[in-house]
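Student: sharing a model that was predicted from the sequence below.
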Amino acid sequence: MMDELITTLKTHQVKLVAVTKNHAPEEIMELYRRGLRIFGENRVQEMLLKQAALPTDIEWHLIGHLQTNKVKLIAPFVKMIHAVDSLALLQEINNQARKADRVVDCLLQFHIASEATKFGLEVDEALKMLQSTVFQSLDNIRICGVMGMATFTENQEQVRLEFRTLKTIFDTLKNTFFEDKPYFKERSMGMSGDWQLAVEEGSTMVRIGSLIFDALTNEGPP
């Protein structure tokens with residue numbers, strides 16, 4: 001199952017972010033041995049422990065909600081921060097990236113689901129932020145695309161429309177602000193339960209955890 005998933009994603013040129021939340025370094029190493037190198041964590045403290053224990057060529061993505069007071073802990077090594085939902089957070093990432101002499105890749109998270117509990121920017125809010133002089137002064141962050149989480153529902157048409165909404169937002173931002181920026185190319189959408197719909201609707205990056213770890217358990221050693 002996992003090999004089929006990886007093959008399908010490669011065919012569509014979609015990156016797999018293996019979500020390692022609640023999994024021990026030993027389990028993650030099995031994915032590493034199978035060739036995976038991009039791992040996503042929801043919590044900063046858990047990422048720090050695993051980053052220290054695992055190979056240095058792993059690309060770490062912070063995919064969960066990030067508090068500004070924890071940015072300094074991951075700024076020296078994190079490759080991408082997916083869930084950027086405010087100018088204040090972007091400013092802090094920029095400040096800490098400057099101290100670490102780095103440029104940190106970021107994705108703007110948009111609220112596309114019907115669930116009010118999910119985080120994310122509204123389109124008007126994002127447009128105002130990107131037009132601001134404050135944003136334009138941030139030299140140690142790079143906006144590489146957008147991220148969104150669909151509603152947790154069995155209604156696949158609703159999920160499809162939400163992913164389509166995120167793709168439309170991406171196109172608007174690309175055409176308005178990032179037309180000459182080749183690095184603005186990522187659409188991080190799709191998880192274990194809806195990744196196929198996400199790929200059909202233009203995802204370039206899926207965040208999958210339970211699906212691959214369940215497959216790993218069922219398959220056993222390669």
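Tutor: Happy to help now that I have it.

Student: so which bits of the helix ranked longest in the chain are buried?
Tutor: In the chain, assigned by DSSP state H, the helix with the most residues is helix 156-177. By 16 or more other CB atoms under 10 Å, the buried positions in helix 156-177 come out as Val159, Arg160, Glu162, Phe163, Thr165, Leu166, Lys167, Ile169, Phe170, Leu173, Phe177. Just so you know, the C-beta spots here come from the backbone N, C-alpha and C atoms, and that holds for glycine as well.

Student: which element is the most centrally placed residue in the chain on?
Tutor: Centroid check for the chain by CA atoms, centre = their mean gives His82 as the closest residue, at 3.7 Å. According to DSSP states H and E, His82 maps onto strand 80-84.

Student: who does that strand pair up with?
Tutor: When pairs are called by DSSP bridges, strand 80-84 turns out to pair with strand 59-62 (parallel), strand 104-110 (parallel).

Student: show me what secondary structure element comes after that strand.
Tutor: The helix or strand immediately downstream of strand 80-84 is helix 87-99, counting by DSSP H and E.

Student: before we move on, back to that, most packed of the strands paired with strand 80-84?
Tutor: Each of the strands paired with strand 80-84 was assessed for mean neighbour count using mean count of other CB atoms under 10 Å. The highest is strand 104-110, with a mean of 25.

Student: so that one versus helix 87-99, what angle?
Tutor: Per axes from the mean of the first three to the mean of the last three CA atoms, to 10 degrees, the angle that strand 104-110 makes with helix 87-99 is 170 degrees.

Student: so what touches strand 104-110?
Tutor: 75, 78-85, 90, 93-94, 97, 119-123, 126, 140-148, 166, 169, 173, 183, 186, 188 (CB atoms under 8 Å, 6 or more residues apart in numbering).

Student: gap between it and the chain center?
Tutor: Relative to its parent chain, strand 104-110 has a centroid offset of 7 Å by CA atoms, centre = their mean, to the nearest Å.

Student: returning to that earlier point: my guess is the residue nearest to the centre of the chain contacts Gly40, does it?
Tutor: Yes: between His82 and Gly40 there is a contact at 7.5 Å, judged by CB atoms under 8 Å.

Student: let me know the pLDDT of Lys174.
Tutor: pLDDT recorded at Lys174 is 98.

Student: how close does it sit to Met80?
Tutor: 18 Å (CB to CB, to the nearest Å).

Student: what of Thr172?
Tutor: 21 Å.

Student: just checking, what packs against the longest helix of the chain?
Tutor: strand 104-110, helix 123-131, strand 141-148, strand 186-188, helix 195-200 (3 or more CB pairs under 8 Å, 6 or more residues apart in numbering; DSSP states H and E).

Student: mind redoing it with 6 Å?
Tutor: Where contact means 3 or more CB pairs under 6 Å, 6 or more residues apart in numbering; DSSP states H and E, helix 156-177 is packed against strand 141-148, helix 195-200.

Student: relative to Pro25, which of those is closest?
Tutor: helix 195-200 (24.7 Å; CB to CB).

Student: work out the gap between the closest one and the centre of the chain.
Tutor: 15 Å.

Student: just the C-alphas of that helix, formatted as CSV.
Tutor: C-alpha atoms of helix 195-200 as CSV (Å, rounded to 0.1, in the frame of the first residue of the first chain):
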residue,chain,number,x,y,z
TRP,A,195,-5.2,12.9,-0.3
GLN,A,196,-6.6,11.5,-3.5
LEU,A,197,-9.1,14.3,-3.9
ALA,A,198,-6.4,16.8,-3.1
VAL,A,199,-4.1,15.5,-5.8
GLU,A,200,-6.9,15.6,-8.3
